[in-house]
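Visitor: Sequence first, predicted coordinates after that:
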Amino acid sequence: MMTDTSPTLRLWFMDWHGWMLDHDPLKDAPTRTLFQPGRLPGLCAIVPETFQFPYRPFMEKRVSMPRAFPDMEMQELPHNRVAFFLPKSETYLISVPFGSGFVDYHSPAQKEWETFLPLTLEMLRGLSLLVTPDALKLEDDTNTVLPTPILQENMILRFGDRNLPLFLNTDVLTRIGHIMPGTNASIDLTWQIDIAPTPLVVHRQAGPTPAPETL
């Protein structure tokens, strides 16, 4: 039997609350976990490097378990985000923060909690570096250094009193993920859709950075 040898890409997914889609091996079910710098969540989608929406991805669990995922269609949303639609039940995957939080397949409509941000390995590495204290120095053209950001809901990085939408800066995450220790790179941060990006220089520390290097 012939196999498809086309190049593929693994995608991990951040929910609207800034948490990650993950897999609970005890329940063999999708779950949500806090973003942890340097850690790969246990659930990802495997897709071709080039594909068109809507697309039905193969969902891969890091811990192999027998329960199959329902047939899901990844639908394109504005600004690099996606939703997961289940054609059989005509419902959406949802990540709910109430109590201990849960993920299920039964939301009747696509709204904020049914919205996810796909992240490649390089994007996760870039995000890990950004939120790790002293891993990077971000300096603008007035020599002002940005504080270490905090990840918040709505897929936002909060730098002091400024909010950076991750979904408007996916290329920046990739670029930061490729910066080698002891080097720097120029980036442009997009704070709002209708405002020109802000140029910055990113300096990556020369010493080892424990967490992000595990990605």
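Guide: The structure has been received and is ready for your questions.

Visitor: what sits against the residue positioned nearest the centre of the chain?
Guide: The centroid of the chain falls nearest to L119 when counting by C-alpha atoms, centre = their mean (3.6 Å). Listed by C-beta atoms under 8 Å, 6 or more residues apart in numbering, the contact partners of L119 are L11, W12, F13, M14, L127, T170, L173. C-betas here are computed from N, CA, C, even on glycine.

Visitor: How far away from the center of its chain is the longest helix along the chain?
Guide: As assigned by DSSP state H, the longest helix anywhere in the chain is helix 121-131. Distance of helix 121-131 from the chain centroid (C-alpha atoms, centre = their mean, to the nearest Å) equals 9 Å.

Visitor: Nearest residue to F58 in space, please, no chain neighbours.
Guide: I46 (4.6 Å; C-beta to C-beta, 6 or more residues apart in numbering).

Visitor: Next, that neighbour: secondary structure please.
Guide: Each residue gets one of three states, and I46 gets strand by DSSP: H, G, I helix; E, B strand; the rest coil.

Visitor: ok so, going back, which residues touch the longest helix of the chain?
Guide: 10, 12, 35, 37-38, 40, 119, 135-136, 148-151, 157, 166, 170, 172-179, 204, 209, 211-212, 215.

Visitor: for stretch 73-91, same thing?
Guide: Residues outside stretch 73-91 that contact it (C-beta under 8 Å, 6+ apart): 13, 45, 47, 53-57, 70-72, 92-93, 105-108, 110, 114-118, 155, 165, 167-168, 170, 193.

Visitor: Same check on stretch 142-155?
Guide: Here stretch 142-155 has contacts from 14, 16-18, 35, 81, 112, 117, 127, 130-134, 137-140, 157-160, 163-167, 200, using C-beta under 8 Å, 6+ apart.

Visitor: Buried members of those residues into ChimeraX, please.
Guide: Restricted to buried positions by 16 or more other C-beta atoms under 10 Å, the ChimeraX selection for the contacts of stretch 142-155 reads:
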select :14,16,17,18,35,81,117,127,130,131,132,138,157,159,164,165,166,167,200
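
Visitor: Tell me which entries of the contacts of stretch 142-155 lie within helices.
Guide: Those of these lying in helices (DSSP H): L127, L130, V131.

Visitor: count of residues packed around N143?
Guide: Using other C-beta atoms under 10 Å, N143 is surrounded by 7 other residues.

Visitor: what's the answer for the one 10 residues further on, then?
Guide: Each residue near E153 was counted by other C-beta under 10 Å, and the total is 12.

Visitor: do the same with A206
Guide: A206 is flanked by 10 other residues according to other C-beta under 10 Å.

Visitor: separation between it and E139?
Guide: Here the criterion is C-beta to C-beta, to the nearest Å. By it, A206 lies 16 Å from E139.

Visitor: ditto for I193
Guide: Taken as C-beta to C-beta, the span from I193 to E139 is 24 Å.

Visitor: Then L26?
Guide: 45 Å.
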